[in-house]
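Colleague: 3D, please:
(chains A and B)
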Amino acid sequence: MPPEPILRVRGLKTQFQSAAGVVRAVDGVDLDIYPGEIVGIVGESGSGKSALAYSILRLTSGRIVAGEVQFRGQNVLELREAEMEKLRGDRIAMIFQDPMTSLNPLMRIGTQIGEALRYHLRLGRRAAAAKAAALLQAVHLPDAERRVHDYPHQLSGGQRQRVVIAMGMSCTPDLLIADEPTTALDVTIQSQILNLISETRQRTSTAVLLITHDLGVVAQLCDRVAVMYAGQVVEQGRTADVFADPQHPYTIGLLRSTPHGRRRGEPLRPIPGQPPRPGEIAAGCPFAPRCHLAEARCQHQAPDLIHIGGGRQARCLLRTEVAYEPAP
Amino acid sequence: MRRYITQRLLSAVIVLFGVSILVFMVLHLTPGDPVEIMLGPTARPGDIERLRAELGLTDPLPVQYVRWVSRALQGDLGRSIQLNRPVLPELLSRFQATLILAVAAAIIAFSLGLLLGVISAVNHNKLVDRVVAGFAMLAVSMPAFWVGMIGIVVFAVNLRWLPASGMYPPQGAPSWGKLLVHLIMPATTLALVPMAVIARFTRSQMLEVLGQEFVLTARAKGVPRARVIVDHAFGNTLVALITLLGLEAGILLAGAVYVETVFAWPGIGSLMVEAILKRDFPIVQGGVLVIATSYVLINLLTDLLHAAADPRIRVT
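Modeller: The predicted structure is shown next:
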């Protein structure tokens, strides 16, 4: 693995002000992404995985209160908005969950793909249109030359998501953040889109941060995975390692509750209880109330993310016995 | 697209047919005999009968209707009982004045309403937003005729900046400049309520659009915030507002009646008010027909604009 990550997130905290008080959506996240790899972030709804993604591009409607987001050695949280705009869509691109709503219904798809090209590469209208057609060809949209003149409603959901990916890849970014890119699609289309993302990564060596709640997607696509719970990363490591030998009770619970992670013949077992409601996280381990291994100390002592060897980390008091590996 | 237009045109014709029947019927169902009013209280019964027969008022209603419609289609809306002149030229010259007033008011209401709405939405919950909201509330709650009279007292009587009434000064040749000066107060008065309504709707519609994922997508592409608002958000807001703008355009025509009365604007509204009081029913019939036709045309135009602006309608 190359030594320098292109994205290094440290101690990131994003909060939302709600009627009930402060919601700590992202609560001290550390995350590294190396060039060309696909990193998955899994977690239940409300675990803070989308808030993390939005915070990296500074598109969150919440407030980033602490931490650093180093992109190629530069803290993007310190950039001025105009500099941020130059970064977005050019070096870091982001695509969203629902292809039905993430395209402007009044604009031809060619124009929408061309927008980033015009702003970042300073292409003229005609050059941008030609490039847009080539990009659509690259995402295997049939009849791309003609399709650039179509409006979004003339395309199916899967076709639109191809357009969205072409749009995200238009300036060949170093990092593509994909927020649940297959959730809104039919199962058959899902795997096509996943294959497309994987193929695109191989062609362009763009790193991908893939947000999903689907462990099957992670298993199929991701080199590494970070599991989020209540705004924190509770476990991260190479996908194969995490799936073979999960270290955090929450990860174990997640794997047991889905067909992908369970051992053959084992029944599906849901995790009891509900994730803590935003804003009501108390002292101690946030997962303790649902944890089958929880001890008395888990109720009042918050665990740190500790390195447990092999580039793996887990946030659990019961793992402190594992050989300590100092942070790089 | 062609099928859509034909459909719209056809339904416009049907609506106009319905309007013509209603217009014709309503006047025959209202109390008060125009012939008696024309001839005055001293008229002899024989004269009343004779004039009634002369005007064709003794024929059965369907016969009267067919005669009225076929003449109307040829541009003959009859003669005014009071003025003893053909109705159509009279109506058209008055309607022109109304149109000038309504168009001026529409320009003010649409441009300022949209602008204030967008500014409000972009500065959601900030001071500007609250000020605009307060102003809109005030504008909506003040009746136009009252605003008009206050305006006359302040700007015409006390400050002497603007003329109090009419379209042109009583003496001298009419000119664009004079027209403009006379337009300011009535047009602003007429525009006030629609402007406030448009500002409120634009604000809420724009806020909804700004919350949609394609706006976020545009931001994620690196499109500067101001361009996102102009290129992505405003277009989608406008498409959603076309129907409202069409309705408001109709309301401007209707509202012109009060404003014309207050400012003695020689429009179709003030003509109709006089005609109703004097039971000059060819004028009333013709006037309602002209106004209703312009409503139908505005509606038709709204639908066509909607189709032109929104590709999702164009295809179906």
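Colleague: quick check: residues of the stretch 201-316 of chain B near chain A?
Modeller: B:212-214, B:216-225, B:231-232, B:235-236, B:239, B:309-312, B:315 (Cβ under 8 Å from any Cβ of the partner chain). The way it works is simple: take the backbone N, C-alpha and C, and place the C-beta from them, glycine included.
Colleague: which of those residues count as buried?
Modeller: B:212-214, B:216-224, B:231-232, B:235-236, B:239, B:310-311 (16 or more other Cβ atoms under 10 Å in any protein chain shown).
Colleague: in strands only, show me those.
Modeller: Mapping these onto strands (DSSP state E) picks out no residues; all lie outside.
Colleague: residue 167: neighbour count?
Modeller: Here I'm looking at chain A. For A:Met167, the count of nearby residues is 29 (other Cβ atoms under 10 Å in any protein chain shown).
Colleague: that's the wrong chain, I wanted chain B
Modeller: Around B:Met167 there are 20 residues (other Cβ under 10 Å).
Colleague: do A:Gln154 as well
Modeller: A:Gln154 has 15 nearby residues by other Cβ under 10 Å.
Colleague: what's the answer for B:Leu9, then?
Modeller: A count of nearby residues for B:Leu9, using other Cβ under 10 Å, gives 13.
Colleague: now it: how far from chain A?
Modeller: 25 Å (Cβ to the nearest Cβ, to the nearest Å).
Colleague: so what pLDDT did that residue get?
Modeller: B:Leu9 carries a pLDDT value of 89.
Colleague: and the strands in chain A?
Modeller: Secondary structure of chain A (DSSP E): strands at A:7-18, A:21-33, A:38-42, A:63-71, A:74-75, A:92-95, A:175-179, A:207-212, A:224-229, A:232-238, A:306-309, A:312-314.
Colleague: if you look at the residues of the stretch 201-316 of chain B next to chain A, which of them are in helices?
Modeller: Among these, the members found in helices (DSSP state H) are B:213-214, B:216-220, B:225, B:235-236, B:239, B:309, B:311-312, B:315.
Colleague: what's the farthest-apart pair in those?
Modeller: Spanning the widest gap among these are B:Arg225 and B:Val315, at 31.7 Å by Cβ to Cβ.
Colleague: does chain B have contacts with stretch A:77-87?
Modeller: Yes - on the criterion Cβ under 8 Å from any Cβ, stretch A:77-87 is in touch with chain B at A:Glu81, A:Ala82, A:Glu85, A:Lys86, A:Leu87.
Colleague: closest to chain B out of these?
Modeller: A:Glu85 (5.0 Å; Cβ to the nearest Cβ).
Colleague: wait, the closest one sits on B:Pro224?
Modeller: Yes - if you go by Cβ atoms under 8 Å, A:Glu85 and B:Pro224 touch, sitting 5.4 Å apart.
Colleague: mutual contacts of the two, please.
Modeller: Counting by Cβ atoms under 8 Å, 6 or more residues apart in numbering or on different chains, the contacts common to A:Glu85 and B:Pro224 are A:Tyr119.
Colleague: show me what contacts A:Asp304?
Modeller: A:Arg315.
Colleague: now it: phi and psi?
Modeller: Note on A:Asp304: its backbone torsions stand at phi -90, psi 160 [degrees, to the nearest 10].
Colleague: can you pull the pLDDT of it?
Modeller: Reported pLDDT for A:Asp304: 87.
Colleague: I'd like the distance from it to chain B, if you could.
Modeller: From A:Asp304 across to chain B, the span is 33 Å (Cβ to the nearest Cβ).
Colleague: close to chain B: what parts of chain A are there?
Modeller: A:57, A:59, A:81-82, A:85-90, A:93-98, A:101-107, A:115-116, A:119-120, A:151, A:153-154, A:164, A:167.
Colleague: sort out for me which of those residues are in helices.
Modeller: A:Glu81, A:Ala82, A:Glu85, A:Lys86, A:Leu87, A:Glu115, A:Ala116, A:Tyr119, A:His120, A:Val164, A:Met167.
Colleague: not counting its neighbours along the chain, what's nearest the second one?
Modeller: Just to be clear, that refers to A:Ala82. Distances taken as Cβ to Cβ, 6 or more residues apart in numbering or on different chains place B:Pro224 nearest to A:Ala82, at 7.6 Å, with adjacent residues excluded.
Colleague: to B:Val63, which of the strands of chain A lies closest?
Modeller: Among those, strand A:92-95 sits nearest to B:Val63 (Cβ to Cβ), with 70.7 Å.
Colleague: alpha carbons of that closest one, as PDB, please.
Modeller: The C-alpha trace of strand A:92-95 is given here as PDB (Å, rounded to 0.1, in the frame of the first residue of the first chain):
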ATOM      1  CA  ILE A  92     -13.100  15.400  -5.400                       C
ATOM      2  CA  ALA A  93     -16.500  14.500  -7.000                       C
ATOM      3  CA  MET A  94     -19.600  13.300  -5.300                       C
ATOM      4  CA  ILE A  95     -22.600  11.300  -6.600                       C
END
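Colleague: about what we covered before: rank the strands of chain A by mean pLDDT and give me the bottom one.
Modeller: Note on the strands of chain A: strand A:306-309 shows the lowest mean pLDDT, a mean of 84.
Colleague: and that strand, what does it pack onto?
Modeller: strand A:312-314 (3 or more Cβ pairs under 8 Å, 6 or more residues apart in numbering or on different chains; DSSP states H and E).
Colleague: and the helix of greatest length in chain A, what does it pack against?
Modeller: As assigned by DSSP H, the longest helix anywhere in chain A is helix A:187-204. Counting contacts by 3+ Cβ pairs under 8 Å, 6+ apart, helix A:187-204 packs against strand A:38-42, helix A:157-168, strand A:207-212, helix A:215-221.
Colleague: which SS class is B:Gly177?
Modeller: What DSSP: H, G, I helix; E, B strand; the rest coil gives for B:Gly177 is helix.
Colleague: what about the helices in the stretch 101-250 of chain B?
Modeller: For the stretch 101-250 of chain B, the helices defined by DSSP state H, counting those that start in this stretch cover B:127-141, B:144-151, B:176-210, B:213-220, B:225-227, B:234-263.
Colleague: identify the bridge partners of the residue nearest the centre of chain A.
Modeller: In chain A, the centroid-proximal residue (Cα atoms, centre = their mean) is A:Ile211; its distance is 3.0 Å. Beta-bridge pairing of A:Ile211 under DSSP bridges involves A:Ile41, A:Asp179.
Colleague: and it, how far from chain B?
Modeller: With Cβ to the nearest Cβ as the criterion, A:Ile211 and chain B are 13 Å apart.
Colleague: OK, contacts around that residue?
Modeller: Taking Cβ under 8 Å, 6+ apart, we find A:Ile211 in contact with A:Gly40, A:Ile41, A:Lys49, A:Ser50, A:Leu52, A:Ala53, A:Ile177, A:Ala178, A:Asp179, A:Glu180.
Colleague: now the first one. Nearest residue, chain neighbours left out?
Modeller: Distances taken as Cβ to Cβ, 6+ apart put A:Cys222 closest to A:Gly40, at 3.6 Å, once the chain neighbours are dropped.
Colleague: sweet, I'm off.
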